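> Give me the fold of what follows.
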Amino acid sequence: MQPAAERFWTTLDQHAGIALSEGPRQLSYAELRHEVAARASHLQQLGVQRVALALDNGVEWALWDLALLRAGLVCVPLPAFFSAAQQEHVLQHAGTDCLIGTASPLSERCGFQQTATGLLQRQPDAVTPVPPGTLKITYTSGTTGQPKGVCLNAEAQLAVAESLRRASLPCDVRQHLCLLPLATLLENIAGLYAPLLAGARIELRPLAEIGFSGAAGFELPRLLATLNASQPHSLILLPQLLLALVSAAEQGVPLPASLRFIAVGGGRVAPQLLERAERLGLPVFEGYGLSECASVVCLNTPEARRIGTVGRPLPHVELRLADDGEVLVRGPHMLGYLGEPPQVGEWLPTGDLGHFEDGFLILHGRKKHQFVTAYGRNVNPEWVEAELVQQAAIAQAWLHGEALAQNVAVLVPRRPELSDAELQAAVDRVNAGLPDYARV
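Below you'll find the model as predicted:
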């Protein structure tokens with residue numbers, strides 16, 4: 001067992017009370033430790049090496065993930081929101097020899113067969129070597145091509161979890177509700193490992209029960225009902241989820257008074273949205289991270305918070321800027337991409353541009369997304385797009401301005417009956433707060 005994992009289990013040995021719950025099913029910390037140890041031993045006896053997790057959010061997902069960590073075996077989460085082709089790529093590319101989930105046409109195509117143990121197993125045709133110490137291969141969805149496998153050890157994952165535990169201490173978080181898929185690294189580490197280190201209770205529900213479908217669909221009434229029934233202390237939200245909850249609260253829909261720490265990340269958050277949340281008294285803290293750094297590297301906290309920034313670096317990392325403004329990270333991070341040369345050098349380039357103010361990181365957007373207008377001004381489209389989708393009339397926005405005298409945007413209205421005049425009025429309101437070179 002890797003030293004970081006040993007420290008993790010030593011900490012969990014000190015906790016009592018309920019660790020995991022899913023409907024009527026509850027596991028105490030003692031029961032969790034016993035169940036995880038039994039499953040870890042079972043996996044080791046099977047002789048499997050790389051195990052894909054294809055389960056919905058729930059206690060079973062958590063138990064198998066923790067068992068793989070304890071057994072020192074490679075865990076490969078399989079996101080349900082990936083396409084069938086992407087899922088097949090993950091199973092084949094990662095060289096998985098075991099699949100924890102339900103038999104399906106996908107598992108059959110990949111050669112998995114049901115065994116007497118109840119798990120699906122196969123002998124993969126070819127296995128790409130992983131960097132030594134790899135315990136998780138998390139696949140990034142990316143913007144083009146097939147997902148890439150990010151190889152992480154226990155130290156990288158649990159260093160983030162410990163930093164997040166410390167960051168939330170002033171809020172005394174005792175109950176976390178998992179809203180995002182556990183197959184996403186952010187919820188896996190910040191919504192499972194960090195609360196366990198804190199001795200908190202984690203409530204898990206199937207994603208459809210919460211109101212989620214696919215990668216982006218969700219039913220707000222069902223989500224609100226879940227929140228009010230659960231009364232959690234902490235949540236992890238994507239910007240679109242935060243926007244939906246803030247908009248509902250502004251219309252008089254009650255949100256749980258129990259909320260103490262709402263972390264938001266996974267995309268740019270407009271400062272106006274955070275200001276709206278603050279006026280409602282919601283304890284929202286924006287952060288920043290990437291899979292290559294085992295998720296979170298910066299976070300606003302109750303003790304150090306500044307709207308418009310992604311917070312200060314967490315204790316386990318150092319950040320600095322390259323000459324062109326790219327954010328570089330030093331600390332526990334990925335061992336490399338599966339099938340590519342190992343990561344070398346202390347400082348990991350993030351591909352994100354930014355600057356610091358009083359130690360707080362302000363992001364400008366992706367380095368490769370920046371365009372130059374016909375007048376030589378650099379514009380990051382994510383900045384303007386985030387401002388546009390704050391308007392009630394605009395659901396999605398895409399900005400383009402490379403070598404153009406005037407930026408143009410493709411807009412998706414929030415309701416199909418909205419007129420061009422209403423959309424133009426929304427754009428005009430955004431333009432009023434932008435410098436001329438960034439206007440649409």
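> isn't Pro206 right up against Glu60?
No. Using CB atoms under 8 Å, Pro206 is not in contact with Glu60; the gap is 10.6 Å. (Each C-beta comes from the backbone N, C-alpha and C, glycine too.)
> Neighbour count: these two, which is higher?
Glu60 (18 against 13; other CB atoms under 10 Å).
> Tell me which helix or strand that one sits in.
Per DSSP states H and E, Glu60 falls inside helix 59-71.
> Could you list the buried residues of that helix?
For helix 59-71, a neighbour-count test (16 or more other CB atoms under 10 Å) marks 59-71 as buried.
> Likewise for stretch 25-36?
Under the neighbour-count criterion of 16+ other CB under 10 Å, stretch 25-36 has 27, 29, 32-33, 35-36 buried.
> Repeat that for stretch 420-428.
423, 426-427.
> These in helices, which ones?
423, 426-427 (DSSP state H).
> Nearest to Ala249 among the residues you listed?
Ala426 (21.2 Å; CB to CB).
> which residue sits closest to that closest one in space, ignoring its chain neighbours?
Distances taken as CB to CB, 6 or more residues apart in numbering place Gln391 nearest to Ala426, at 3.9 Å, with adjacent residues excluded.
> Now render the buried residues of helix 59-71 as TSV, adding distance to Gly308.
TSV is the format used below for these (distance: CB to CB, whole Å):
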residue	distance to Gly308
Val59	39
Glu60	40
Trp61	35
Ala62	35
Leu63	40
Trp64	40
Asp65	35
Leu66	37
Ala67	42
Leu68	39
Leu69	36
Arg70	41
Ala71	44
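> now, the most widely separated pair of these?
Pairwise over the buried residues of helix 59-71, using CB to CB, the maximum falls at Val59 and Ala71, 18.2 Å.
> What's the per-residue pLDDT of Ala16 here?
pLDDT, Ala16: 95.
> wait, it sits on Arg33?
No. Applying CB under 8 Å as the test, Ala16 and Arg33 come out as separate, 11.0 Å apart.
> Adjacent strands (with direction) for the longest strand along the chain?
For the chain, the strand with the greatest residue count under DSSP state E is strand 347-357. Note on strand 347-357: by DSSP bridges, its sheet partners are strand 326-330 (antiparallel), strand 360-366 (antiparallel).
> Quick check: mean pLDDT of the longest one?
Spelled out, that is strand 360-366. 91.
> what sits up against that strand?
Strand 360-366 has contacts (CB atoms under 8 Å, 6 or more residues apart in numbering) with 268, 288, 298, 300, 304, 306, 308-313, 319, 325, 327, 351-356, 370, 380-383.
> go again using 7 Å as the cut-off
Residues from elsewhere that reach strand 360-366 (CB atoms under 7 Å, 6 or more residues apart in numbering): 288, 298, 306, 308-312, 319, 351-355, 380, 382-383.
> How far away from the center of its chain is that strand?
18 Å (CA atoms, centre = their mean, to the nearest Å).
> Tell me the buried residues in that strand?
Within strand 360-366, the residues scored as buried using 16+ other CB under 10 Å are 360-361, 363-366.
> Check stretch 285-304 too.
285-301.
> Specify which member of the ones in helices among the buried residues of stretch 420-428 is nearest to Gln92.
Lowest distance from Gln92 to those (CB to CB) belongs to Leu423, with 44.1 Å.
> Next up, the contacts around the closest one.
Taking CB under 7 Å, 6+ apart, one finds 393, 411, 413 in contact with Leu423.
> The last one contacts Ala392, doesn't it?
In this case it means Pro413. No. In this structure, Pro413 is not within contact of Ala392 by CB atoms under 7 Å, at 10.2 Å.
> pretty sure Ala426 contacts Val389?
No. Applying CB under 7 Å, one finds Ala426 not in contact with Val389, separated by 9.9 Å.
> Around the nearest residue to Leu169 once chain neighbours are set aside, how many other residues sit close by?
Among residues not flanking Leu169 along the chain, Ala198 sits closest, at 7.9 Å (CB to CB, 6+ apart). Per other CB under 10 Å, the neighbour tally for Ala198 reads 22.
> quick one: Ala198 from Ser168, how far?
7 Å (CB to CB, to the nearest Å).
> Below-threshold pLDDT in the chain: ranges please.
141-145, 214-216, 374-377 (pLDDT under 70).
> Tell me which residue is most central in it.
In the chain, the centroid-proximal residue (CA atoms, centre = their mean) is Leu186; its distance is 3.1 Å.
> Of the strands paired with strand 347-357, which is nearest Val90?
Val90 sits nearest to strand 360-366 of all these, at 23.7 Å, using CB to CB.
> where along the stretch 101-250 of the chain do the helices fall?
Here the stretch 101-250 of the chain has its helices, by DSSP state H, counting those that start in this stretch, at 105-109, 154-167, 185-188, 194-198, 207-210, 220-230, 239-250.
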